[in-house]
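Undergrad: when you get a sec, could you give me coordinates for this:
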Amino acid sequence: MAQGFVKSCDDQNRCLEEVGNEYFKDLLWRSFFQEAVTDSFGDVIRRKMHDLMHDLAISVAGSLITTLNDKKRNIHEKTRHVSVVDDCEAIFASSKCLRVLDLHRRNLELLPSSIGKLKHLRYLDLSSNRNLKKLPNSITRLQNLQTLNLSSCYRLEKLPNSIVELKHLRYLDLSWSTNLKKLPNFMSKLQNLQILNLSNCFSLVELPRDMKELVNLRHLKIDGCNRLTYMPRGLGLLTNLQTLSKFVVHKDPFSPHSSGLKELKGLHNLRGNLAIQNLRHKKDGA
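TA: Have a look, this model is predicted:
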């Protein structure tokens, strides 16, 4: 969805998630994928790709996709998707046409500022960089970025306010960023954001107060965020919301910034599980 591969159909009653699920089922039926494992909600959590299909995909992709390592350190001018295996971080800036950059498990402490040269980048995977402390200001030059994966960046303590410059960002994964304490309120300016994954951010104490401005948000995952004390006011305006794993009731019923249970009335598209925390502190169950 974040990369624009799932298109809306004429049937207004079908959401993008349902259309995407049909795509997957079709690929599974055609043996592109195999041995799909689903959870209790029917969502696919594991699948395999047939070896022959994988080889065919690599062959068709040609120079569009490459992996950098000690044996291969040059990027073709037509390359759009790069995975970095060894310490080749400084090389990727030589290709300005990249769309996808995979720096998964590179143990980076600092992201090179030269990443700002990749102005066509749409997908950046920095997950499991356990020593990554912060993002450089140059990341704001990635004006076309749609997906940013910062999952399991344990030492990441905050996001720069300048992240609001990523106007086209649709998917932001911060799950397991266990030192992340607060999100900048300016994040509410990311109005194209569809998925915000904050699962198991154990230190997170507050969500952006103007979260109601994220009008396109479809999935808000906050399970495991046990230090949250309230939900921001206006949450009921996020009518596209389908996933809300937890709702935290403020212990002070007169808090000017907290959201009341009555705001859940407007969230008609919610699916799956919803846990309500501190319910005993709220007298009105409306």
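
Undergrad: show me this structure divided up by domain.
TA: As assigned by automatic domain parsing, the chain contains the domains 15-49, 99-281.

Undergrad: pull up the distance across the first one, start to finish.
TA: The straight-line separation of the ends of domain 15-49 (CA to CA, to the nearest Å) is 26 Å.

Undergrad: hang on, the earlier thing: hey, which of the domains of the chain is tucked in deepest?
TA: Across these, averaging neighbours per residue (mean count of other CB atoms under 10 Å) puts domain 99-281 on top, at a mean of 18. C-beta: built from backbone N, CA, C; applies to glycine.

Undergrad: just the helices in the stretch 1-150 of the chain please.
TA: 16-29, 51-61 (DSSP state H, counting those that start in this stretch).

Undergrad: okay if I get the ones you listed as a markdown table plus mean pLDDT and distance to K134?
TA: Converted to a markdown table, the helices of the stretch 1-150 of the chain look like this (pLDDT from 0 to 100; distance: least, CB to CB, whole Å):
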| stretch | mean pLDDT | distance to K134 |
| --- | --- | --- |
| helix 16-29 | 87 | 33 |
| helix 51-61 | 87 | 33 |
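
Undergrad: mind putting those helices into a markdown table with distance to H104?
TA: As requested, these are exported to a markdown table (distance: least, CB to CB, whole Å):
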| stretch | distance to H104 |
| --- | --- |
| helix 16-29 | 22 |
| helix 51-61 | 18 |
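
Undergrad: closest to L228 out of those?
TA: Checking the helices of the stretch 1-150 of the chain against L228 by CB to CB gives helix 16-29 as the closest, at 25.2 Å.

Undergrad: other residues contacting the closest one?
TA: Contacts to helix 16-29, defined as CB atoms under 8 Å, 6 or more residues apart in numbering, come from residues 1, 5-9, 33-34, 36, 44, 47, 218, 242.

Undergrad: still on that earlier bit, hey, least reliable of the domains of the chain by pLDDT?
TA: With a mean of 85, domain 15-49 has the lowest mean pLDDT of these.

Undergrad: please report the distance of S138 from S177.
TA: As for S138, its distance to S177 is 20 Å (criterion: CB to CB, to the nearest Å).

Undergrad: coming back round to it: out of the helices of the stretch 1-150 of the chain, which comes closest to I195?
TA: I195 sits nearest to helix 16-29 of all the helices of the stretch 1-150 of the chain, at 10.5 Å, using CB to CB.

Undergrad: and the angle from that closest one to helix 51-61?
TA: Put simply, helix 16-29 runs at 110 degrees to helix 51-61, going by axes from the mean of the first three to the mean of the last three CA atoms, to 10 degrees.

Undergrad: just the CA atoms of helix 16-29, as PDB, please.
TA: The C-alpha trace of helix 16-29 is given here as PDB (Å, rounded to 0.1, in the frame of the first residue of the first chain):
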ATOM      1  CA  LEU A  16      -7.300  -1.300   0.100                       C
ATOM      2  CA  GLU A  17      -6.500  -4.000   2.600                       C
ATOM      3  CA  GLU A  18      -9.100  -6.300   1.100                       C
ATOM      4  CA  VAL A  19      -7.900  -5.600  -2.400                       C
ATOM      5  CA  GLY A  20      -4.300  -6.300  -1.400                       C
ATOM      6  CA  ASN A  21      -5.400  -9.600   0.200                       C
ATOM      7  CA  GLU A  22      -6.900 -10.600  -3.100                       C
ATOM      8  CA  TYR A  23      -3.600  -9.800  -4.800                       C
ATOM      9  CA  PHE A  24      -1.800 -12.100  -2.400                       C
ATOM     10  CA  LYS A  25      -4.400 -14.900  -2.700                       C
ATOM     11  CA  ASP A  26      -4.000 -14.800  -6.500                       C
ATOM     12  CA  LEU A  27      -0.200 -15.000  -6.200                       C
ATOM     13  CA  LEU A  28      -0.500 -17.800  -3.800                       C
ATOM     14  CA  TRP A  29      -2.900 -19.700  -6.100                       C
END
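
Undergrad: compare the helices of the stretch 1-150 of the chain and give me the one nearest N273.
TA: For the helices of the stretch 1-150 of the chain, the distance to N273 is smallest for helix 16-29, at 16.1 Å, taking CB to CB.

Undergrad: one step back: nearest to P256, out of the helices of the stretch 1-150 of the chain?
TA: Comparing the helices of the stretch 1-150 of the chain by CB to CB, helix 16-29 comes nearest, at 34.6 Å.
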